[in-house]
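A.B. asks: sequence below, structure please.
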Amino acid sequence: MEHLHVKGGDIYITGTGIAIGRGNAGSTVGRIDHISELGGGSGTAIAVIAGRMDISVSEIDATAAYALNGATAVLRLFCNELSGTRTAIGGSTAKVWVPPTEMTNGQLIIGSTGVDPVVATLTDGANITTTTGAGSITVAVSGTTDHSLQVGNATGSLTSLGVATDGQIPIGSTGADPVLATLTAGAGIGIANAAGSITISATAAGFTWSVIVANQTAADDQGYLTNAGGVVDVALPAASSVGDSFQVAAMSAGGWTISQGAGQQIQIGNSTTTAGAGGSLASSSIGDWVTLVCTVANTNWICKVEQGNITVS
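C.D. replies: So this is what the prediction gives:
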């Protein structure tokens, strides 16, 4: 029989053995549509050893749902409910679609290489939470802290660095997570932290020049322009740090002297002043100008002659 047409009813094929079989590769397609029930009992519902067969059926219930064996055997099956083993060997091809009869909230149809798709829900990963509803899936990041910076790791999860306070920034730490910290101010630098801002400024006033007409003690980062009718004395400070410096220049003929305290001494070129309160430097004319730098805290200084002839005592 080449064709069977049924109008106005359903086809039921039941029994034992093979319900539908195809062994002829001569024609291209064997097609059977709209079968309500296909049962092979304890046998095989569909067997194909050659050629292609397209079958649309509501239900298959058999010990073996289908068995394919042959390089040219192809089965394309659409079935609402499928029960029984499925075998495709010898180079045969089975393309089977069984739609899910019922899916719960959040379930998806997910492909599975070489076998039928499956109905399943998404699996939460590290720091990921899924919430399912009727016809919806909500994916959200979890395990984080409000306002905290996040750092990734090799396992794919996130680590919270913590909530940064005013002025804190993430600073790298070789081989470890960054750390939240504020900038550290160096010499002559000020740092002001505020919400969302860092202000960096210079705190040192810089070198300042003053015109003096009376004796005084030198201070760090100061320049003195002596401008009196007589000699103006600038004394070394009793307390000083290495690197402290000051300058003295003569604006008038009265000139200047630089006096020392107990235990203090000044080196100028290859010469040194007398140690202690008896030692000093003195200008010899207008325009004499020197720079002094502390080399040993509180006691020792070196002198650079910027201009003029200096008297060493």
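A.B. asks: from now on I want contacts and neighbour counts done on CA atoms only, so please keep to that.
C.D. replies: Noted.
A.B. asks: isn't Thr299 right next to Gly263, touching?
C.D. replies: Yes: shown here, Thr299 and Gly263 form a contact pair, counting by CA atoms under 8 Å, at 6.1 Å.
A.B. asks: what strand or helix carries Cys303?
C.D. replies: Here Cys303 is covered by strand 300-307, with elements defined by DSSP states H and E.
A.B. asks: which neighbours does that strand have in its sheet, and in what orientation?
C.D. replies: For strand 300-307, the paired strands and their directions (DSSP bridges) read strand 265-268 (parallel), strand 289-296 (antiparallel).
A.B. asks: want to throw those into a markdown table with mean neighbour count, distance to Ala238 and mean pLDDT?
C.D. replies: As requested, those are arranged in a markdown table below (neighbours: other CA atoms under 10 Å; distance: least, CA to CA, whole Å; pLDDT from 0 to 100):
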| stretch | mean neighbour count | distance to Ala238 | mean pLDDT |
| --- | --- | --- | --- |
| strand 265-268 | 22 | 12 | 97 |
| strand 289-296 | 20 | 11 | 97 |
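A.B. asks: of the ones you listed, which approaches Gln107 most closely?
C.D. replies: With CA to CA as the criterion, Gln107 lies closest to strand 289-296 of the strands paired with strand 300-307, at 80.3 Å.
A.B. asks: quick one: residues in contact with the closest one.
C.D. replies: Strand 289-296 has contacts (CA atoms under 8 Å, 6 or more residues apart in numbering) with 240-250, 283, 300-308.
A.B. asks: same question, stretch 216-226
C.D. replies: Surrounding stretch 216-226, the residues in contact under the criterion CA under 8 Å, 6+ apart are 206-213, 232-237, 240, 244-252, 255-256.
A.B. asks: so for it, mean pLDDT?
C.D. replies: In this model, stretch 216-226 has a mean pLDDT of 95.
A.B. asks: what about that stretch, start to end distance?
C.D. replies: Counting by CA to CA, to the nearest Å, you get 11 Å between the two ends of stretch 216-226.
A.B. asks: strands of the stretch 201-313 of the chain, start to end?
C.D. replies: Using DSSP state E, counting those that start in this stretch, the strands of the stretch 201-313 of the chain run over residues 208-212, 216-217, 222-226, 232-235, 245-250, 256-259, 265-268, 271-272, 280-283, 289-296, 300-307, 310-312.
A.B. asks: take those strands and write them to TSV, including distance to Glu81.
C.D. replies: Rendered in TSV, the data for the strands of the stretch 201-313 of the chain read as follows (distance: least, CA to CA, whole Å):
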stretch	distance to Glu81
strand 208-212	96
strand 216-217	105
strand 222-226	98
strand 232-235	107
strand 245-250	96
strand 256-259	109
strand 265-268	106
strand 271-272	110
strand 280-283	112
strand 289-296	97
strand 300-307	101
strand 310-312	113
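A.B. asks: what about Thr299 and Gly263, which has more around it?
C.D. replies: Between Thr299 and Gly263, counted using other CA atoms under 10 Å, the more crowded position is Thr299 (23 against 13).
A.B. asks: distance of the residue lying closest to the more buried one once chain neighbours are set aside from Asp244?
C.D. replies: Setting aside the residues directly before and after it, Thr299 is nearest to Gln264 in space (CA to CA, 6 or more residues apart in numbering), at 4.3 Å. Using CA to CA, one obtains 15 Å as the distance from Gln264 to Asp244.
A.B. asks: those two: which has the busier surroundings?
C.D. replies: Applying other CA under 10 Å to Gln264 and Asp244 shows that Gln264 carries more neighbours, namely 24 against 18.
A.B. asks: touching, that one and Asn298? I think so.
C.D. replies: Yes: shown here, Gln264 and Asn298 form a contact pair, counting by CA under 8 Å, at 7.5 Å.
A.B. asks: so which of the strands of the stretch 201-313 of the chain is nearest Leu108?
C.D. replies: With respect to Leu108, and counting by CA to CA, the nearest of the strands of the stretch 201-313 of the chain is strand 208-212 at 77.9 Å.
A.B. asks: low-scoring stretches of the stretch 201-313 of the chain, by residue?
C.D. replies: Applying pLDDT under 70 to the stretch 201-313 of the chain flags residues 204-205.
A.B. asks: now the contacts of strand 289-296: which count as buried?
C.D. replies: Those of the contacts of strand 289-296 that meet the buried threshold are 240, 244-250, 283, 300-303, 305, 308, by 16 or more other CA atoms under 10 Å.
A.B. asks: nearest to Ser56, of those?
C.D. replies: Relative to Ser56, the closest of the buried ones among the contacts of strand 289-296 is Asp244; by CA to CA it sits at 98.1 Å.
A.B. asks: how about that closest one, what does it touch?
C.D. replies: If a contact means CA under 8 Å, 6+ apart, then Asp244 has 220-221, 293-294 as its contacts.
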